[in-house]
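S.K.: Need a 3D model of the following:
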Amino acid sequence: MESLSNPKTINPLLLPSLFELICRERLDDGLPASFQDIIRVFTRNASENSLGHFVHRFSDEVILMITFCLQFKYLFQYNASFGEHFYGLKRVRLVANASNASHPYQLTLKDRLTSLSLLLLIPYLRGKIERYYKHLLEMTDEEREAHMDRFLVPSNPNDPNSPKQKTWRYRYCELLLNYFPYFDGCLASLAFLWKLLYLFSKVPNDLFSNSFVAQQGIERIDQNDIQLWKSFRQAFENSIRDSNSPAASAWLHFKLSFLRVLYILGNVTKIMTLGLLFVFLKG
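M.R.: As a prediction, the model looks like this:
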């Protein structure tokens, strides 16, 4: 159970500057675009029957899985996204967790999964919507009308000449063309306003989703966090060792094997991402 009477008070000395938070946000947001460029280079000349063509066709989903492995590792090992850990930051609960007396403001499993969903799904869905909107805008009026006419169906299925009615996809295109710029502008204005509120210490996090949805604040790491990371890793290695014992249940063995695979994939994507950053900085 959570204790709502124990709100987190962040030490002002541990509060990151707005500059650090903007850099963190740009680094996290720039990861999918960097992976997209790499995939484009390696799949440029792929044939239609090759694995490269499949990766190119479903590049958004491939990038989502790569980013998932990377952010999963950092959130579950360091209580931070990749960008946050890169700049020496961590996420903390704003409300104490009474079930963890030794570290009441440490993220729980639910907190980490919520953070992971906000980090991955919102940018993924927004990117899909924005690309489709731009695709519609790039069409001529005749091409756009022909494209949207495909989403009209006869009101009477038995009579092809009956009046056409709009499907949900047709209405989606209409809403996108008419309101997406305003919706996107409102989100950008809200993000800017939230950063101003953080600048004047009115909110505990510069991201609206983290403050309002995930109920998380952000602060700089300290020496205690480094010791905590070591204990996390040791506990994880011990749990994997215990899962190989005859007494371990099949479900426990499967669950920890799955986590082991994610941990290895997370390390691979970590090395790859840090390598990309090194090449970029050297260039």
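S.K.: drop to CA atoms for contacts and neighbour counts, all remaining ones
M.R.: Fine.
S.K.: Quick one: low-confidence residue ranges for this protein.
M.R.: Residues of the chain that meet the criterion pLDDT under 70 lie in 1-11, 46-49, 101, 212-214, 232-249, 251-256, 277, 279-283.
S.K.: What are the boundaries of the helices in it?
M.R.: Along the chain, counting by DSSP state H, helices occupy 18-42, 51-57, 59-78, 82-86, 109-138, 141-149, 168-199, 208, 223-243, 250-282.
S.K.: can you list the ones you listed in TSV and add distance to Arg93?
M.R.: Below are the helices of the chain laid out as TSV (distance: least, C-alpha to C-alpha, whole Å):
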stretch	distance to Arg93
helix 18-42	17
helix 51-57	38
helix 59-78	13
helix 82-86	15
helix 109-138	8
helix 141-149	46
helix 168-199	17
helix 208	15
helix 223-243	15
helix 250-282	24
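S.K.: how about those helices, which one is nearest Asn158?
M.R.: helix 141-149 (18.9 Å; C-alpha to C-alpha).
S.K.: Put together a markdown table for the helices of the chain, with mean neighbour count on each row.
M.R.: What follows is the helices of the chain, written out as a markdown table (neighbours: other C-alpha atoms under 10 Å):
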| stretch | mean neighbour count |
| --- | --- |
| helix 18-42 | 15 |
| helix 51-57 | 16 |
| helix 59-78 | 20 |
| helix 82-86 | 22 |
| helix 109-138 | 15 |
| helix 141-149 | 13 |
| helix 168-199 | 14 |
| helix 208 | 20 |
| helix 223-243 | 13 |
| helix 250-282 | 14 |
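S.K.: Tell me which of those helices approaches His103 most closely.
M.R.: The minimum distance between His103 and the helices of the chain falls on helix 223-243, with 9.9 Å, by C-alpha to C-alpha.
S.K.: Is Asn97 bridged to anything, and to what?
M.R.: Beta-bridge partners recorded for Asn97 (DSSP bridges): Glu2.
S.K.: returning to what we had before: quick one, which of the helices of the chain is nearest to Pro160?
M.R.: Nearest to Pro160 among the helices of the chain is helix 141-149; the distance by C-alpha to C-alpha comes to 14.0 Å.
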